[in-house]
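Colleague: could you work out the structure for the sequence below:
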Amino acid sequence: MQTALQRAAKPNFGRWLLQQVKRDDDIGALAKCAHRDPCFPVDGDVQAVSRRLNAIQADGEMHVALEEAELDWACL
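Modeller: Residues are numbered from 1 along each chain as shown. Next up is the predicted model:
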């Protein structure tokens, strides 16, 4: 179980994802798309990003990348 200090130190998902633009994998590709999207939920959680992907009718690969990103972020 995480302490309050660990939760406070963890960036929110949207901001964390935007910081992944230099990655050379599917998460990096998702981050690059998010960076170009003026309506990307910067302060959003995983569900908010998923809703945004649905709203823009992103392909399945972006949804898989989102799942991978969630796992990486959860390990912080």
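
Colleague: which secondary structure element contains the spatially most central residue of the chain?
Modeller: Central residue of the chain (C-alpha atoms, centre = their mean): Leu17, 3.8 Å from the mean position. Element membership of Leu17, judged by DSSP states H and E, is helix 13-18.

Colleague: elements contacting the longest helix belonging to the chain?
Modeller: Longest helix in the chain, counting residues (DSSP state H): helix 60-74. Under the contact definition 3 or more C-beta pairs under 8 Å, 6 or more residues apart in numbering; DSSP states H and E, helix 60-74 sits against helix 13-18, helix 26-36, helix 46-55. Using the backbone N, CA and C atoms, a C-beta is placed for each residue, glycine as well.

Colleague: list the contacts for Ala48?
Modeller: Neighbouring residues of Ala48 by C-beta atoms under 8 Å, 6 or more residues apart in numbering: 13-14, 41.

Colleague: can you list the weak-confidence ranges in this protein?
Modeller: 1-8 (pLDDT under 70).

Colleague: just the buried residues of the contacts of Ala48.
Modeller: 13-14, 41 (16 or more other C-beta atoms under 10 Å).

Colleague: want to throw those residues into JSON lines with distance to Leu53?
Modeller: Output for the buried ones among the contacts of Ala48, formatted as JSON lines (distance: C-beta to C-beta, whole Å):
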{"residue": "Phe13", "distance to Leu53": "13"}
{"residue": "Gly14", "distance to Leu53": "12"}
{"residue": "Pro41", "distance to Leu53": "10"}
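
Colleague: for Asp26, state which of these is nearest.
Modeller: Phe13 (15.9 Å; C-beta to C-beta).

Colleague: hmm, the closest one is touching Asp43, no?
Modeller: No: if you go by C-beta atoms under 8 Å, Phe13 and Asp43 don't touch, sitting 9.2 Å apart.

Colleague: just to revisit the earlier point, wait, the residue nearest to the centre of the chain touches Ala29, no?
Modeller: No: between Leu17 and Ala29 there is no contact under C-beta under 8 Å: 11.3 Å.
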